[in-house]
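Asks: This is the structure alone, sequence omitted:
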């Protein structure tokens, strides 16, 4: 398997939208999110490509009022490519990209039932800092995980 992690390009739009559709619930319109993410997070929107095919992606962001704080906004790997190290490669790449841009800490949210994702993130140094019931609305609880890149303590449930 020939893995390449690279920046998002306009020609990735259809492939990334299809991945997002496979991994999004209900009536979500992933094309809107992907199109806007390609503009808003151009420096930290990374693609996993295997043998010329887009098989995963991740999006990182710096918090505007706290540029030393980064977030992994999204990380997706196509079902048939999971458990091959691609998720770990994407976590390392986006965390490195956020560090290069000044982040001293990186956060992410993960659903309580997503044990495999949580294990992946913990393997890469993320630790739970909070549990937020209804974080994305009723029935969408999330664990908040944090990785320290600079030796500080963390936050974070919105009030």
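Replies: Received the coordinates, thanks. Predicted model only: the values in this text are computed from it and were never measured.

Asks: Identify the single longest helix in the protein, thanks.
Replies: Counting residues, the longest helix in the chain under DSSP state H turns out to be helix 86-100.

Asks: Report the buried residues of stretch 32-50.
Replies: By neighbour count on 16 or more other C-beta atoms under 10 Å, the buried set for stretch 32-50 is 33-34, 37-38, 41, 44-50. The way it works is simple: take the backbone N, C-alpha and C, and place the C-beta from them, glycine included.

Asks: In strands, which of the residues you listed fall?
Replies: 45-50 (DSSP state E).

Asks: and of these, the nearest to residue 150?
Replies: Ranking those by separation from residue 150, with C-beta to C-beta as the measure, puts residue 46 on top at 21.5 Å.

Asks: one step back: would you mind giving the ones in strands among the buried residues of stretch 32-50 as JSON lines with pLDDT and distance to residue 132 added?
Replies: Conversion of these to JSON lines gives the following (pLDDT from 0 to 100; distance: C-beta to C-beta, whole Å):
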{"residue": "45", "pLDDT": "96", "distance to residue 132": "25"}
{"residue": "46", "pLDDT": "96", "distance to residue 132": "26"}
{"residue": "47", "pLDDT": "96", "distance to residue 132": "29"}
{"residue": "48", "pLDDT": "96", "distance to residue 132": "28"}
{"residue": "49", "pLDDT": "95", "distance to residue 132": "33"}
{"residue": "50", "pLDDT": "93", "distance to residue 132": "34"}
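
Asks: Beta-bridge partners for the residue lying closest to residue 135 once chain neighbours are set aside, please?
Replies: Once flanking residues are discounted, residue 135 sits nearest to residue 142: 3.9 Å by C-beta to C-beta, 6 or more residues apart in numbering. For residue 142, the beta-bridge partners are residue 132 (DSSP bridges).

Asks: List the contacts of residue 142.
Replies: Shown in contact with residue 142 (C-beta atoms under 8 Å, 6 or more residues apart in numbering): 109-112, 131-132, 135-136.

Asks: pLDDT at it, what is it?
Replies: The per-residue pLDDT reported for residue 142 equals 94.

Asks: Among the ones in strands among the buried residues of stretch 32-50, which pair sits farthest apart?
Replies: Using C-beta to C-beta for every pair in these, the one that comes out farthest apart is 45 and 50, at 17.8 Å.

Asks: returning to that earlier point: okay, the ones in strands among the buried residues of stretch 32-50 in a markdown table with distance to residue 6 next?
Replies: Below are these laid out as a markdown table (distance: C-beta to C-beta, whole Å):
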| residue | distance to residue 6 |
| --- | --- |
| 45 | 10 |
| 46 | 7 |
| 47 | 6 |
| 48 | 9 |
| 49 | 7 |
| 50 | 12 |
